[in-house]
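Q: Next one to model:
(one chain, ligands or ions: 2)
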Amino acid sequence: MTVYQATASAPVNIACIKYWGKRDTKLILPTNSSLSVTLDQDHLRSTTTSRADPSFKHDRLWLNGKEEEIKEGGRLSTCIAELRRLRREVEKKEGTPKISEYPVHIASYNNFPTAAGLASSASGFAALVASLAALYELPATPSELSLIARQGSGSACRSLFGGFVAWEMGSKADGSDSFAVEVAPCSHWPNLHALICVVSDDKKGTSSTSGMQRTVETSTLLQHRIKVVVPERMRAISEAIKARDFPTFARLTMADSNSFHAVALDTEPPIFYMNDVSRAIIALIVEYNRASVATGGSIKAAYTFDAGPNAVIYAPEEYIKEIVQIIISYFPQAQPFNDVFGLFGGEQPKGAVPSGFNEAVSKKFEPGAVKGFIHTRVGDGPRVLGAEEALLNAEGLPKAQA
Ligand SMILES: Nc1ncnc2c1ncn2[C@@H]1O[C@H](COP(=O)(O)OP(=O)(O)OP(=O)(O)O)[C@@H](O)[C@H]1O
Ligand SMILES: C[C@@](O)(CCOP(=O)(O)OP(=O)(O)O)CC(=O)O
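A: Ligands and ions are numbered 1, 2, ... in the order given. Prediction:
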């Protein structure tokens with residue numbers, strides 16, 4: 001008997017020009033376009049296996065081994081229904097098995113700790129869509145699949161591509177022109193690296209979904225951001241990426257992170273996602289860039305923050321070592337540094353600052369204020385994996401994770 005099953009993995013993306021605000025909350029249509037860098041799935045990924053089988057009673061989904069309810073009319077059920085609809089188109093061709101009629105079992109696993117506060121909905125919904133698209137053998141392009149991932153979580157639409165990705169907001173009421181497009185593949189700028197600084201967090205106070213809705217309803221500053229600020233930045237950052245112009249890319253990325261956190265503060269009641277640790281990291285990166293420019297160099301690093309206190313620092317590969325040394329001068333580490341790129345030749349990094357760096361820009365924190373680092377780089381889009389990577393066992397239930 002044929003087993004109808006497919007496994008796919010999908011990457012995390014971190015926006016440089018932020019999505020914040022919906023004009024349609026059901027279809028997840030944004031109030032502005034956004035642009036992100038896809039991170040390498042060798043380090044951070046969601047992996048998902050989907051199987052269609054006539055013996056299954058109903059659709060079921062397990063996330064990290066734990067069953068999640070698929071609520072009727074909810075985001076998961078919308079994505080599954082949309083992919084089934086596309087499969088039915090394929091089944092119009094005579095002789096194609098009608099597997100759209102079978103219930104599905106879906107098992108997914110995020111290889112990064114949810115407790116780290118990293119966006120999991122983006123890679124999660126992208127992997128779900130990629131695995132069902134592979135199961136159903138859909139002839140759809142990544143942009144077409146991004147229309148579906150968008151309805152799971154807005155930022156997920158950008159994880160259907162590798163490299164540098166724009167989500168064009170579109171203008172149609174049905175959302176058919178609100179999808180992701182590739183600005184440049186990861187091979188275009190492979191030495192763009194990312195250093196994620198995991199900041200201690202006692203559980204996020206305001207989710208992105210509810211936070212951005214409150215901003216749309218109450219912030220006057222958001223209107224200026226979506227009408228004037230973002231359209232110009234989208235144009236400028238796309239050009240900077242095409243030209244591999246890091247200083248311009250960095251200036252725009254930092255400015256847009258600041259603008260996003262400003263509209264969060266302009267919300268009633270105000271929303272704070274960054275904390276003292278986040279702000280100290282900003283001060284260190286600003287001083288690092290200032291000292292570099294003052295000695296005839298250029299901007300070397302860009303910070304950006306999503307809806308939480310973790311910092312993501314984008315920088316050319318050659319500066320990451322120096323950046324780690326600066327940060328640990330102020331944030332002593334309680335855990336060993338996971339040196340996946342071999343920057344420190346088997347030794348643990350020691351704190352140091354470059355000459356001309358004003359050490360008074362921040363106080364020194366207690367160990368553990370920055371819990372650890374994840375060093376990664378720009379990476380490719382979703383991958384279809386082999387049967388040996390499947391997360392479902394012979395009975396169609398989740399395998400125990402090692
Ligand atoms: N691998 C996955 N497969 C399917 N759904 C997932 C997966 N990982 C996460 N999700 C969905 O995403 C939800 C978490 O999304 P949520 O938006 O609350 O957090 P986040 O993505 O970590 O942060 P944010 O989007 O605010 O930056 C989970 O409850 C689950 O529904
Ligand atoms: C700050 C952000 O990370 C917000 C992401 O919001 P989500 O995509 O998580 O929101 P929903 O569409 O409601 O699921 C910025 C970004 O990724 O562009």
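
Q: what are the ranges of the strands in the stretch 251-400 of the chain?
A: 302-304, 311-316, 370-377, 383-385 (DSSP state E, counting those that start in this stretch).

Q: ditto for the stretch 1-150 of the chain
A: Listed in chain order, the strands of the stretch 1-150 of the chain (DSSP E, counting those that start in this stretch) span 4-11, 13-17, 22-24, 29-30, 34-38, 45-52, 60-63, 66-68, 104-110.

Q: coming back round to it: in a markdown table, list the strands of the stretch 251-400 of the chain along with distance to E182, mean neighbour count and mean pLDDT.
A: Using the backbone N, CA and C atoms, a C-beta is placed for each residue, glycine as well. Listed next are the strands of the stretch 251-400 of the chain as a markdown table, based on distance: least, CB to CB, whole Å; neighbours: other CB atoms under 10 Å; pLDDT from 0 to 100:
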| stretch | distance to E182 | mean neighbour count | mean pLDDT |
| --- | --- | --- | --- |
| strand 302-304 | 20 | 24 | 98 |
| strand 311-316 | 18 | 23 | 98 |
| strand 370-377 | 17 | 22 | 96 |
| strand 383-385 | 16 | 17 | 98 |
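
Q: so which of those strands gets nearest L252?
A: Nearest of the strands of the stretch 251-400 of the chain to L252, taken as CB to CB: strand 302-304 at 8.4 Å.

Q: same for that closest one, what does it pack against?
A: Under the contact criterion of 3 or more CB pairs under 8 Å, 6 or more residues apart in numbering; DSSP states H and E, strand 302-304 touches strand 13-17, helix 246-265, helix 276-294, strand 311-316.

Q: Identify whichever of the strands of the stretch 1-150 of the chain lies nearest to A387.
A: Comparing those by their distance to A387 (CB to CB), the top pick is strand 4-11, with 7.4 Å.

Q: What strands line up against the closest one, and which way round?
A: strand 45-52 (antiparallel), strand 383-385 (antiparallel) (DSSP bridges).

Q: from what I can see N310 touches V198, true?
A: Yes - with contact defined as CB atoms under 8 Å, N310 counts as touching V198 (5.7 Å).

Q: So those two - more neighbours on which side?
A: N310 (27 against 20; other CB atoms under 10 Å).

Q: What is the neighbour count of the closest residue to K18 other than its chain neighbours?
A: In space, and not counting its chain neighbours, K18 is closest to F260: 4.1 Å by CB to CB, 6 or more residues apart in numbering. Per other CB under 10 Å, the neighbour tally for F260 reads 26.

Q: Ok, the one 3 residues further on next?
A: For V263, the neighbour count with other CB under 10 Å is 25.

Q: ok, now which ones touch it?
A: By CB atoms under 8 Å, 6 or more residues apart in numbering, V263 lies in contact with W20, T215, S219, L221, L222, R225.

Q: what pLDDT does G205 get?
A: Note for G205: predicted pLDDT of 80.

Q: same deal with M1?
A: M1 carries a pLDDT value of 83.

Q: what's the spacing between it and S55?
A: Counting by CB to CB, to the nearest Å, the separation of M1 from S55 is 10 Å.

Q: quick one: which of these two has more around it?
A: Per other CB under 10 Å, whichever of M1 and S55 has more neighbours is S55, with 8 against 5.

Q: residue contacts, that one?
A: Contacts of S55 (CB under 8 Å, 6+ apart): G396.

Q: how about a cut-off of 7 Å?
A: Contacts for S55 (CB atoms under 7 Å, 6 or more residues apart in numbering) come out as none.

Q: so where do the helices sit in the protein?
A: Ranges of helices in the chain, per DSSP state H, are 75-90, 121-135, 142-149, 208-218, 221-224, 230-242, 246-265, 276-294, 320-330.

Q: Please identify which of those is closest to G345.
A: Across the helices of the chain, closest to G345 is helix 320-330 (CB to CB), at 10.4 Å.

Q: angle of the closest one against strand 311-316?
A: Calculated by axes from the mean of the first three to the mean of the last three CA atoms, to 10 degrees, helix 320-330 forms an angle of 150 degrees with strand 311-316.

Q: No more questions from me, cheers.
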